[in-house]
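K.L.:
I'll drop the sequence and a predicted model, then ask my questions.
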Amino acid sequence: MRPPTRTAFNRLTITSLLVAVAALSGCAHTGSGSSPSAAWSDAQQLVLVTVPDWDAPEGELATYRRASVKAAWQRVGEPAPVTVGRSGSGWGLGLHAPQGDGPVKREGDGRAPAGVFAIGTAFGYAPAAATALPYAPMDAGDYCIDVPASPLYNRIVDSTEVGAAAVKDSTEPMRRDIHADGDQRYRLGFVVEHNGQAVPQAGSCIFAHLWKTPDTPTAGCTAMAPETMDRLLGWLRPEAAPVFVLLPEAELRRLQRAWGLPAPE
């Protein structure tokens, strides 16, 4: 598949954000998690990250598939270690209903968003990647805007299109190898569709990406070994409507049946 241009990536990002907004607006507020959600009922692939508790910076990633939307989830492969936010995790804005208990993700708090999220575009430093997901190669001018007051908040943009002034305060250059002393963490990854409606201060630029080291947490993303990312990107299929789920173990036990998630193992 020919990779999309940066302009196409901007369009893909906007489209996926609108999908996430529509899904979120259709969810009733069920703080107890007692009512199952249909927002991801068509998912046939699921990436599940579990963490020991809200403040844990490390967790485990497992992948699941089901033959049909009425079938049970079956684990695919072995679990792999991941790192998450340096402050742990907190409820994000995704496909799930708002929850009443636990911390809430905020901009700059160092927490990874918890909940259920659509999986967006893959990205990286190379012109192409071995994945069926839409893929966008990043250039030196590509930034994710983490400035809450910006009209481009929580969007990946090309500074050659939006202007240098629009990205000057962002701390998220997508080519970290160029702007951050050879950093390889964004060499390969994909977008986790958190805060698609771009609510100011609710958190931005959430990705699954490569880790710096196995014990280095992130600012709010989920990081993993290169071989884990390679396996994920080679396995995920857009037609399977894949979702990304991050939950503390206790929350997974509480919500598993209501949310139609894999049973804790």
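P.N.:
On my side now, so go ahead.
K.L.:
what about stretch 215-223, start to end distance?
P.N.:
This stretch, stretch 215-223, spans 10 Å end to end (Cα to Cα, to the nearest Å).
K.L.:
give the buried residues for that stretch.
P.N.:
Burial within stretch 215-223, assessed by neighbour count using 16 or more other Cβ atoms under 10 Å, is assigned to 217, 218, 219, 220, 221, 222, 223. Where C-beta positions appear, they are placed from N, C-alpha and C, glycine not excepted.
K.L.:
just flag the most distant two among these.
P.N.:
219 and 222 (11.3 Å; Cβ to Cβ).
K.L.:
give me the subset of the buried residues of stretch 215-223 that lies in strands.
P.N.:
Using DSSP state E to define strands, the subset of those located there is 222, 223.
K.L.:
any idea which of the buried residues of stretch 215-223 is closest to residue 166?
P.N.:
Residue 166 has its nearest neighbour among the buried residues of stretch 215-223 in residue 219, at 21.1 Å by Cβ to Cβ.
K.L.:
just checking, that closest one touches residue 110?
P.N.:
Yes. Using Cβ atoms under 8 Å, residue 219 is in contact with residue 110, at 5.9 Å.
K.L.:
out of the buried residues of stretch 215-223, who's nearest residue 187?
P.N.:
The shortest distance between residue 187 and any of the buried residues of stretch 215-223, using Cβ to Cβ, involves residue 223 and amounts to 11.7 Å.
K.L.:
for the closest one, which non-adjacent residue is spatially closest?
P.N.:
What sits nearest to residue 223 in space, not counting adjacent residues and going by Cβ to Cβ, 6 or more residues apart in numbering, is residue 211, at 3.6 Å.
K.L.:
low-confidence regions, the stretch 101-250 of the chain specifically.
P.N.:
Across the stretch 101-250 of the chain, nothing is flagged by pLDDT under 70.
K.L.:
got the phi and psi for residue 249?
P.N.:
Residue 249 adopts backbone torsions of phi -60, psi -40, taken as degrees, to the nearest 10.
K.L.:
how much space between it and residue 62?
P.N.:
Residue 249 sits 12 Å away from residue 62, taking Cβ to Cβ, to the nearest Å as the criterion.
K.L.:
and for residue 40?
P.N.:
On the measure of Cβ to Cβ, residue 40 and residue 62 end up 17 Å apart.
K.L.:
neighbour count for these two, which is higher?
P.N.:
Neighbour count, other Cβ atoms under 10 Å: between residue 40 and residue 62, residue 40 has more, with 22 against 19.
K.L.:
tell me the secondary structure of that one, please.
P.N.:
Residue 40 falls in the coil class when you classify it by DSSP: H, G, I helix; E, B strand; the rest coil.
K.L.:
same deal with residue 253?
P.N.:
Secondary structure, three-state DSSP: residue 253 is helix.
K.L.:
repeat for the one 3 residues further on
P.N.:
Judged by three-state DSSP, the three-state class of residue 256 is helix.
K.L.:
pop out the phi and psi values for residue 232.
P.N.:
With angles defined as degrees, to the nearest 10, residue 232 shows backbone torsions of phi -60, psi -50.
K.L.:
which residues does it contact?
P.N.:
With contact taken as Cβ atoms under 8 Å, 6 or more residues apart in numbering, residue 232 is in contact with 47, 63, 190, 208, 224.
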